[in-house]
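Undergrad: below are the sequence and a predicted model; questions follow.
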Amino acid sequence: MKNLFLLVILSVAGIASISILSSCNSPAEKVENAQDKVAEANKDLEQANQEYLIDIDKYRRETNEKIAANVKIIADFNSRIEMQKANAKEDYKMKVAELEQKNTDLKKKMDDYKESGKEKWEAFKVEFNSDMQKLGDAFKNFTTDKSLSNVENY
């Protein structure tokens with residue numbers, strides 16, 4: 001009985017040892033697994049960086065289209081100003097020049113942006129979108145009586 005008990009204990013210990021040792025990786029396997037993880041992380045980082053650069057490019061194209069549309073609106077404003085009374089012309093010309101300068105400033109701001117990380121890019125977009133919205137509102141309100149004060153407060 002004692003021998004049987006000893007044999008069972010040794011068998012269980014042997015099986016446990018074998019299963020523990022078989023689940024452990026050799027140092028070479030650990031290095032290979034770590035290298036695989038690093039390669040996968042680098043691949044994920046590269047993909048995220050490509051998506052970031054694509055987002056910047058797409059946003060720049062969209063913004064350039066909006067700025068070009070603003071240029072056309074400004075040209076339309078200038079042609080309509082010519083039909084105004086002489087005393088209102090100068091004031092309107094000055095306000096259109098302000099709109100034009102703000103549009104040019106936004107174009108320069110976008111052109112000057114340098115890739116400096118996703119967090120800074122997201123913050124830049126929030127601020128830039130706000131500025132574009134204000135300019136768009138100023139364009140919309142230009143032909144109303146309130147337009148003069150809206151342009152000044154931009």
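TA: Cool, got the structure. Residues are numbered from 1 along each chain as shown.
Undergrad: ranges for the strands of this structure?
TA: Ranges of strands in the chain, per DSSP state E: none exist.
Undergrad: out of all of them, which helix in it is the longest?
TA: helix 27-81 (DSSP state H).
Undergrad: what mean pLDDT does that one have?
TA: Averaging pLDDT along helix 27-81 gives 87.
Undergrad: ok, now stretch 105-114?
TA: Stretch 105-114 comes out at a mean pLDDT of 94.
Undergrad: could you list the buried residues of that stretch?
TA: Residues of stretch 105-114 classed as buried: 106-107, 110, 113 (neighbour count, 16 or more other C-beta atoms under 10 Å). The C-beta positions use only the backbone N, C-alpha and C, and glycine is treated the same way.
Undergrad: which of those residues lies closest to Ala68?
TA: Nearest to Ala68 out of the buried residues of stretch 105-114 is Lys107 (C-beta to C-beta; 9.2 Å).
Undergrad: quick check: the closest one vs Asp137, distance?
TA: 18 Å (C-beta to C-beta, to the nearest Å).
Undergrad: same question for Tyr92.
TA: To Asp137, Tyr92 is 18 Å away according to C-beta to C-beta.
Undergrad: the more surrounded of the two?
TA: Tyr92 (20 against 13; other C-beta atoms under 10 Å).
Undergrad: for the more buried one, what are its contacts?
TA: Shown in contact with Tyr92 (C-beta atoms under 8 Å, 6 or more residues apart in numbering): 77, 81, 84.
Undergrad: try 6 Å this time
TA: Neighbour list for Tyr92: 81, 84 [criterion: C-beta atoms under 6 Å, 6 or more residues apart in numbering].
Undergrad: per-residue pLDDT of it, please?
TA: At Tyr92, pLDDT is 85.
Undergrad: please apply the same query to the one 3 residues further on.
TA: On pLDDT, Lys95 comes in at 89.
Undergrad: what's the neighbour count on it?
TA: So Lys95, with other C-beta under 10 Å, has 19 neighbours.
Undergrad: just Leu45 next, same as before
TA: Leu45 sits with 10 neighbouring residues when counted by other C-beta under 10 Å.
Undergrad: read off the pLDDT value for the residue most central in space within the chain.
TA: The residue lying closest to the centre of the chain (C-alpha atoms, centre = their mean) is Glu122, at 4.3 Å. With respect to pLDDT, Glu122 scores 93.
Undergrad: and the closest residue to Ile81 other than its chain neighbours, how far is that from Glu32?
TA: For Ile81, ignoring the flanking residues on the chain, the nearest one in space by C-beta to C-beta, 6 or more residues apart in numbering is Tyr92 at 4.6 Å. Using C-beta to C-beta, Tyr92 is found at 73 Å from Glu32.
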